[in-house]
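# pasting the sequence and the predicted coordinates here, then a few questions.
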Amino acid sequence: MKITLYKYIFREIWPTFVAILFVFAFIVLATRMLSITELIVTKGVGATLVGKMVLYLFPDIISFALPAAALMSVMLGFVRLGVDNEIIAMKSAGISLYQLLPPVLLISLIGLAISLWLGIMAVPWGNRSFKDLVFQIAKSKADLGIKERVFSEPFDGVVFYVNSFSRSGQFMKDVFVVDRRDPEVSNTILAKAAKIIVHPKERTIVLHFINGSIFMVDREQKSARTIQFKTYDLSIGLKDIMAELSSRRHSPKEMALGELWQNLKNLPQDSTKRNQMLVKLLEKAALPLGVFLMGLVGMPLGAQMRSRGKSKGIGLSLAIFVVYYLFMGGIKNLCETGAIPPALGVWIPDAFLLACWIYLFRRVVHERPIRLRALLFWRYGVYP
């Protein structure tokens with residue numbers, strides 16, 4: 001009897017879990033496709049490279065969508081049972097809410113396991129691969145974008161004109177470069193020769209100029225100066241290549257557990273960089289726990305709804321999801337600045353979800369309605 005009931009509830013939840021997961025993933029991916037589309041139009045990136053970008057971004061997107069999927073699938077499953085009076089029928093048959101927990105625990109544990117695997121393995125791999133791919137695109141643009149005796153702009157804000165260019169040795173002669181990346185100063189570089197040097201580990205491209213001059217003019221053209229040089233290096237980094245995309249990636253997110261732990265040992269105590277590393281390390285456990293608790297919170301919220309069914313459940317789920325991520329983002333910033341110890345602060349959103357679940361579950365078990373509007377009025381000292 002119990003196994004049949006558990007299967008029935010699980011089958012009610014898991015299709016919604018999968019559907020919501022992919023709907024949220026599609027929405028998040030659609031927002032990022034705006035930047036990727038710009039690469040196709042303005043940078044000439046091919047469909048194969050775009051497909052790889054989407055693949056590398058997908059683990060991070062799924063990780064973001066998991067809490068919403070866990071919360072909404074469980075809530076909507078129990079909303080459906082409540083609207084059809086099946087929960088009342090179960091209670092009449094002597095089945096308590098406690099006995100309905102196992103399938104919810106199972107779906108929440110599945111979400112926890114997926115989130116844990118994504119955080120430890122897939123997300124760092126995807127972020128590293130994404131940056132490597134962006135760098136490879138930049139390198140190929142440097143190779144293909146520079147043409148002899150033609151003005152070209154292979155990188156944003158950097159205009160080239162070369163008399164001759166050997167692609168095999170990446171060597172240029174009689175080089176004219178205008179660098180407008182700095183909004184305060186415009187640099188014009190004239191050199192007899194230059195060479196493109198690639199540093200894959202640092203993900204930078206260095207333009208090594210030989211025997212030339214730099215003409216520096218400020219934005220208002222009120223002052224100028226000239227510098228003679230024998231050698232001069234101009235660095236092009238990811239932020240100069242594709243700023244909008246690369247700014248979404250943070251170096252700690254690329255690191256696996258071993259790398260994060262090793263970096264923590266080498267960084268001074270109370271430094272911002274160390275706090276960022278520690279937050280990212282602890283999040284690999286805190287975020288999966290949040291997914292698990294989201295699934296549990298969805299059960300009492302869905303079970304207490306009787307009217308306005310799924311529309312009310314979806315709206316309430318989205319509100320909880322947004323509040324959770326805003327709360328988590330605020331706590332994360334405080335932890336990274338050192339205002340709250342990271343070892344404590346990272347767990348505050350999970351503690352909040354746990355407290356919410358205990359409160360909501362006890363209210364529903366004792367058949368006391370959850371009046372969210374009344375709680376909101378009470379918060380501001382006004383009673384409905």
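Received, thanks.
# local confidence estimate at the residue nearest in space to the middle of the chain?
The centre of the chain sits closest to D60, judged by Cα atoms, centre = their mean, with a distance of 5.4 Å. D60 carries a pLDDT value of 87.
# just the element for it, please.
helix 47-83 (DSSP states H and E).
# counting by contacts, list what that helix packs against.
On a contact count with 3 or more Cβ pairs under 8 Å, 6 or more residues apart in numbering; DSSP states H and E, helix 47-83 meets helix 2-38, helix 101-117, helix 123-145, helix 272-303, helix 309-337. In short, each C-beta sits where N, CA and C put it, glycine included.
# please identify the deepest-packed of the ones you listed.
helix 272-303 (a mean of 23; mean count of other Cβ atoms under 10 Å).
# pLDDT of it, averaged?
What helix 272-303 shows for mean pLDDT is 87.
# same question for stretch 315-334.
Stretch 315-334 comes out at a mean pLDDT of 81.
# can you show me the CA trace of that stretch as CSV?
C-alpha atoms of stretch 315-334 as CSV (Å, rounded to 0.1, in the frame of the first residue of the first chain):
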residue,chain,number,x,y,z
GLY,A,315,3.5,32.7,-8.4
LEU,A,316,4.4,31.8,-4.8
SER,A,317,7.2,29.5,-5.9
LEU,A,318,8.7,32.1,-8.1
ALA,A,319,8.5,34.7,-5.3
ILE,A,320,10.3,32.3,-2.8
PHE,A,321,12.9,31.4,-5.5
VAL,A,322,13.7,35.1,-6.1
VAL,A,323,13.8,36.0,-2.4
TYR,A,324,16.1,33.0,-1.8
TYR,A,325,18.6,34.1,-4.5
LEU,A,326,18.5,37.7,-3.5
PHE,A,327,19.1,36.7,0.1
MET,A,328,21.9,34.4,-0.9
GLY,A,329,23.5,37.0,-3.1
GLY,A,330,23.5,39.6,-0.3
ILE,A,331,24.9,37.2,2.2
LYS,A,332,27.6,36.1,-0.3
ASN,A,333,28.7,39.7,-0.8
LEU,A,334,28.9,40.2,3.0
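# domain ranges for this structure?
The chain breaks down by automatic domain parsing into domains covering 2-137+250-379, 146-243.
# circling back: so the residue nearest to the centre of the chain touches G126, yeah?
Yes - counting by Cβ atoms under 8 Å, G126 is a contact partner of D60 at 5.9 Å.
# and the closest residue to R32 other than its chain neighbours, what does it touch?
Residue nearest to R32 in three dimensions, not counting chain neighbours: L57, with 6.2 Å by Cβ to Cβ, 6 or more residues apart in numbering. If a contact means Cβ atoms under 8 Å, 6 or more residues apart in numbering, then L57 has 29, 32, 126, 130 as its contacts.
# got a list of what the closest residue to A303 other than its chain neighbours touches?
Excluding the flanking residues, the one nearest A303 by Cβ to Cβ, 6+ apart is F78, at 4.6 Å. Going by Cβ under 8 Å, 6+ apart, F78 touches 87, 298-299, 301-303, 305.
# now M216, what's its secondary structure?
strand (DSSP: H, G, I helix; E, B strand; the rest coil).
# okay, it and F176: tell me how far apart.
Taking Cβ to Cβ, to the nearest Å as the measure, M216 falls 15 Å from F176.
# quick one: average confidence on stretch 230-245?
Here the average pLDDT along stretch 230-245 is 67.
# also stretch 86-104?
84.
# contacts for that stretch next, please.
By Cβ under 8 Å, 6+ apart, stretch 86-104 touches 2, 5-7, 9-10, 13, 74, 78, 81, 295-296, 298-300, 303, 361, 364-365.
# picking up where we left off before, so for S152, which of the helices and strands packed on helix 47-83 sits nearest?
With Cβ to Cβ as the measure, helix 123-145 is the member of the helices and strands packed on helix 47-83 nearest S152 (5.3 Å).
# tell me the contacts of S166?
M172 are the contacts of S166 under Cβ under 8 Å, 6+ apart.
# any idea how far it lies from L133?
26 Å.
# same check on I146?
Distance from I146 to L133, by Cβ to Cβ: 21 Å.
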